[in-house]
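[1] got a sequence here, can you build the structure:
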Amino acid sequence: SLPFSSCFVIGVVMFVLYRVLSPRAANYSLLTSRLQATLVFAESRFVNGQPQPQQQPEPQQEALQNKQPQQQQQQQQQQQQQQPKPQQQQQQLQQQQQDPQQKQEQRLAAKKAKQDAAAANENNNSNSNNNSNSNNNNNNNKNTSNSSSNNNNNNKKNSNSNNNNAAAVAVAPRRTVAPSCTEPACVLPAGSPLPRGGFSCLSYNVLLPNSGDGWWIYKYYRDPGDEASWPARQALLRAQLLGAAADAICLQECSEATFAEDFKFLTEAGYDVHLHNKTGRMRPATFWLGERFECVAAQHKDRTLITGLRARQGPDAGSTVFVVNGHLAAGPSADRRLRQAHEALETVAKEAKRLGVDAARTPTVFCGDFNSQGRSAVRELLATGEVGPEFCEGGDRTERGEGGKQVTSKVKRQTLGHFTDAAELAYGERPVPATMLVANIDSKMLKDDGTLTDGMVAAVRAAFNKCCPQGSVMSKVDVESWLMRVNRALGRGSEYRRALQAFERRGEETLEFEDFLGIYREELEEGKFWGVEHDLRVLAGSGLAVPSDGPCQLRFDYIYFTTSTLQLKGVREPLSDEHRQRVFGEPWEVLPNSWHPSDHLPVAAVFDFC
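    Numbering: from 1, shown residues only. You can find the predicted model right below:
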């Protein structure tokens, strides 16, 4: 008998001949049979890596074994002779005329099919139930794999549902696999967890957590009650933020004095954080999941916070994404907003260079409260890469009298590449939802040129008369009574500071109607429409808002991303249909209210690294 090594060599040679000759041979059954016989013989000599004793075949068995290949060869020769010659010639002609490019395509297709089959077999074998029939085995494995996947998804969904219901418990966020996103992107349901993989980001102006009694914040509520207090608002924010389970959470209007306690539930859930180090109360803060990303850069600029995050695990391990969290200047300050955005983008480019990364190939997300809408200079800089002296803003009805003004005297450029508005890309031809649904009062207070409406002047006159019933001048006692009614305490609020300035101008501690009107004109210039509406309701018994008019719809919150380095997979709907019906119909619940803690809605997006 032959040694095992010889049998193995013979088997390899026969296999090579089979692969080489089979495409051209009209008949290769003989080769196949001999190859199978050789392999069977080799297996009989070695079982589990050990040589086995070989029995000598009896003469009749040996003769039968030698005779079988001869009979098979004769049968194959007869079949070959019976094949019509014209058909053979036609096959050969087709092979000769075959284009080389087509052959290459066929080889590539065959290679891909072989790889796919190998992957499928490997997956099936790993989940196999060891059934004897290979076809049944593969089918059973596929069914088992699909069933297991469905069960896992259901379990994850149930787990997230339980986490959302038990919002009082700070746990590490568990993300589910959300509905698969179609190209170019999909819109995920409001309030749903963001899908895992790639990079997800949520931006949210949370409305300043300003003391336990909700100082200043209660002015945003139509009928402020316990829901305006910080503990009630914190509970709502806790459920919203932990339920989203975003990789990065960019908050605006955080208070430095109470920040550690205000958002302790996020750090307890595994988030690391940077709080802007600027002076003042309303600061941006960026959180990220520490187990998935490490911070490699952090820069604090004018109303922007730049954070570089490097993926720790998964297929994107080592990839770095920069997140710009901005709360840009409010009011008629287009030039300042442009400077703030330009400075932030230049900082990203410098940090990328420090890390040895090409700025034009740096994945970057620029998100936050832009405090503007329409055709703004900031959006122009992001989308086109530059803004020149000829550019003029337009389309923002909140900046009356500012249209047509020059924003910059010099060209400002950024080198990170073109950015795209995630929401506009995802919604396509559909209108992009507003991110602020507040009382519809701005047009009732200011004309298009920015001056006060007649209705506004009349409402302030009625409030003034309530504050000084004895005559046309408010005494110091009248002023203090007014401030106590609207601010609930002396010494706080911009009305208080402006009253002191008026005292200084007048040289005495009194106010006339023009002084009183001027204070509220300045409040409106700073965008404090809802604070003025609150004061008018408290002082005169009614304001200018008519609930049935519906909300004022503004879009100040954005997520922009570099299109050459990030692929948008989806954005999340900012408001559910159920809540939308409560805002745009009875009971006309504009934001904030008992079920939403801010005048802004959170915006969220999911990306893949390119």
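[2] contacts and neighbour counts: CA atoms only from here.
    Will do.
[3] how close does the nearest residue to L309 once chain neighbours are set aside get to A260?
    Nearest residue to L309, sequence neighbours excluded (CA to CA, 6 or more residues apart in numbering): C295, at 4.7 Å. Distance, C295 to A260, by CA to CA, to the nearest Å: 19 Å.
[4] pick out whichever of those two has more residues nearby.
    C295 (18 against 13; other CA atoms under 10 Å).
[5] for the residue nearest to L309, give me its contacts.
    By CA atoms under 8 Å, 6 or more residues apart in numbering, the residues touching C295 are T307, G308, L309, R310.
[6] same check on V324?
    Going by CA under 8 Å, 6+ apart, V324 touches T304, L305, I306, T307, A344, T364, V365, F366, C367.
[7] how about 10 Å then?
    V324 makes contact with 250, 286, 298-299, 304-308, 341, 344-345, 347-348, 364-368, 559-560 under the criterion CA atoms under 10 Å, 6 or more residues apart in numbering.
[8] report how many residues lie close to the closest residue to A232 other than its chain neighbours.
    Leaving aside its sequence neighbours, A232 sits nearest to D226 (CA to CA, 6+ apart; 7.0 Å). D226 is flanked by 13 other residues according to other CA under 10 Å.
[9] next one: D557
    Residues lying near D557 (other CA under 10 Å) number 24.
[10] wait, it sits on R379?
    No: judged on CA atoms under 10 Å, D557 makes no contact with R379 at a distance of 11.6 Å.
[11] name the residues contacting each of those two.
    Taking CA under 10 Å, 6+ apart as the contact rule, D557 and R379 both touch F370, S372, Q373.
[12] now do the contacts for the last one.
    With CA under 10 Å, 6+ apart as the criterion, the residues that contact Q373 are 379, 393-399, 554-558.
[13] what's the ChimeraX line that selects buried ones from these?
    Of those, the buried ones go into a single ChimeraX selection, burial set by 16 or more other CA atoms under 10 Å:
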select :379,393,394,396,397,398,399,554,555,556,557,558
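[14] and the gap between the residue nearest to A232 and V486?
    The value you get for D226 to V486, if CA to CA is used, is 17 Å.
[15] equivalent analysis for D442, please.
    Distance of D442 to V486, given as CA to CA: 20 Å.
[16] domains for this structure, by residue range?
    Using automatic domain parsing, the domain parsing of the chain gives 1-47, 186-435+554-609, 442-545.
[17] hey, which of these is tucked in deepest?
    domain 186-435+554-609 (a mean of 20; mean count of other CA atoms under 10 Å).
[18] hang on, V606 is in a strand, isn't it?
    Yes: according to DSSP: H, G, I helix; E, B strand; the rest coil, the state of V606 is that of a strand.
[19] show me the contacts for it.
    181, 185-186, 188, 194-202, 246-247, 422, 566-572.
[20] mind doing that once more with 8 Å?
    For V606, counting by CA under 8 Å, 6+ apart, the contacting residues are L194, P195, G198, F199, S200, C201, L568, K569, G570, V571.
[21] residue ranges for the strands of the stretch 501-610 of the chain, please.
    Using DSSP state E, counting those that start in this stretch, the strands found in the stretch 501-610 of the chain span residues 511-512, 551-554, 557-562, 566-572, 603-609.
[22] out of the ones you listed, flag the one nearest L591.
    Closest of these to L591 is strand 551-554, at 8.7 Å (criterion: CA to CA).
[23] could you list the buried residues of the closest one?
    So, applying 16+ other CA under 10 Å, buried residues of strand 551-554: P551, L554.
[24] my guess is W230 meets N210, correct?
    Yes: with contact defined as CA atoms under 8 Å, W230 and N210 form a contacting pair (7.3 Å).
[25] now do the closest residue to M484 other than its chain neighbours against F370, distance only.
    The shortest distance from M484 to any non-neighbouring residue, by CA to CA, 6+ apart, is to L490 (6.0 Å). Separation of L490 from F370 (CA to CA) stands at 32 Å.
[26] cool, and K466?
    K466 is 38 Å from F370, by CA to CA.
[27] how about the strands in the stretch 151-300 of the chain?
    186-188, 199-205, 248-254, 271-275, 283-289, 293-301.
[28] which elements pack onto the second one?
    Taking 3 or more CA pairs under 8 Å, 6 or more residues apart in numbering; DSSP states H and E as contact, the helices and strands that strand 199-205 lies on are strand 248-254, strand 364-369, strand 557-562, strand 603-609.
[29] give me the low-pLDDT residue ranges for the stretch 401-550 of the chain?
    For the stretch 401-550 of the chain, the stretches with pLDDT under 70 are 401-403.
[30] right, I mislabeled it, should have said the chain
    In the chain, residues with pLDDT under 70: 1-184, 211-213, 398, 400-403.
[31] just to revisit the earlier point, save the shared contacts of D557 and R379 as TSV, and put in distance to V460 too.
    TSV is the format used below for those (distance: CA to CA, whole Å):
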residue	distance to V460
F370	30
S372	27
Q373	29
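[32] just those residues now: which is nearest E525?
    Comparing those against E525 with CA to CA places S372 closest, at 14.1 Å.
[33] in this structure that closest one contacts F556, no?
    Yes: S372 is within contact range of F556, at 5.4 Å (criterion: CA under 8 Å).
[34] just the helices in the stretch 201-350 of the chain please.
    Secondary structure of the stretch 201-350 of the chain (DSSP state H, counting those that start in this stretch): helices at 230-244, 259-262, 264-268, 334-354.
[35] follow-up on the earlier one: closest to W482 out of the strands of the stretch 151-300 of the chain?
    strand 248-254 (27.5 Å).
[36] just the angle for that closest one relative to strand 283-289, thanks.
    Angle, strand 248-254 to strand 283-289, by axes from the mean of the first three to the mean of the last three CA atoms, to 10 degrees: 160 degrees.
[37] which residues are in contact with the strand or helix carrying A426?
    Using DSSP states H and E, A426 sits within helix 422-427. Contact with helix 422-427 is made by 184-187, 432, 558-561, 568, 570-571, 605, as judged by CA under 8 Å, 6+ apart.
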